[in-house]
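*Asks:* just a sequence and a predicted model for now, questions to come.
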Amino acid sequence: FSGPQSPCERTDLRMAIVADHLGLSWTLAREMNFSVDEINHIRTENPNSLTAQSFMLLKKWVSRDGKNATDALTAGLTKVNRMDIVTLLEGPIFDYGNISGTRSFADDSAVYQEKADWASENSGANAEALAQGRSHSTDLIDRQDNQENSSDSVTSSPRGDSGKPRQNGEHSETPHRS
């Protein structure tokens, strides 16, 4: 079984999907009654990733709001005009075959393994396809660079252009004498 098994893992998967679509919305955070201090704390804990910031915000919100969390999020998203995520929340990836018909981040008892497997398999396949696409485009760029006249290349500087930008923003070093 490769899909999430425990309610916590399923909740984390759901929050990760929402966080990925949301980015970090301070408007939504304020709508969900997070203080400026709480928001800044999340921001400083995860300075390099908006998705991680959003995920932490959702995690705090689920632990605070419990069973009302999903409805509160839906209301907040509607107020900040993020109907795309409201639609996502109501879609099949969040249904998981929950028998009662309610959808909740905090309480999801019945799970169809196929849906969880499908989600994890497809996210892996998409990442793989993106990686392959990047490597193909890099190969193409490398080939184009090799076909061009090397004296026109950005990396070679036969004319002694000291001080002019080189590839990756580096400057050639010239010793300064006083």
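*Replies:* Looks like it arrived, so ask away.

*Asks:* shouldn't I17 be in contact with L88?
*Replies:* Yes - the pair I17 / L88 is scored as a contact, 7.2 Å apart, by C-beta atoms under 8 Å. Glycine gets a C-beta too; all of them are placed from N, C-alpha and C.

*Asks:* residues contacting the helix or strand where S54 lies, please?
*Replies:* Element membership for S54, per DSSP states H and E: helix 50-65. Contacts with helix 50-65, where a contact means C-beta atoms under 8 Å, 6 or more residues apart in numbering, come from 11-12, 15-16, 18-20, 22-25, 29, 32, 34, 38-39, 42-43, 45-46, 69, 72-73, 105-106.

*Asks:* type out the ChimeraX command that picks the buried ones from those.
*Replies:* The following ChimeraX line selects those of the contacts of helix 50-65 that are buried, judged by 16 or more other C-beta atoms under 10 Å:
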select :11,12,15,16,18,19,22,24,25,29,32,34,39,42,43,46,69,72,73,105
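
*Asks:* filter the contacts of helix 50-65 down to the ones in helices?
*Replies:* 11-12, 15-16, 18-20, 22, 29, 38-39, 42-43, 45, 69, 72-73 (DSSP state H).

*Asks:* count of neighbours near G76?
*Replies:* Using other C-beta atoms under 10 Å, G76 has 21 neighbouring residues.

*Asks:* how close does it get to P47?
*Replies:* 24 Å (C-beta to C-beta, to the nearest Å).

*Asks:* now N46: closest residue in space, sequence neighbours ignored.
*Replies:* A52 (4.0 Å; C-beta to C-beta, 6 or more residues apart in numbering).

*Asks:* before we move on, what about R43?
*Replies:* Q53 (5.9 Å).

*Asks:* show me where pLDDT drops low in this protein?
*Replies:* By pLDDT under 70, the low-scoring segments of the chain are 1-11, 23-24, 92-178.

*Asks:* again, only this time at 50
*Replies:* Residue ranges of the chain with pLDDT under 50: 1, 4, 95-158, 160-161, 165-166, 170.

*Asks:* touching, T78 and V86? I think so.
*Replies:* Yes - the pair T78 / V86 is scored as a contact, 5.9 Å apart, by C-beta under 8 Å.
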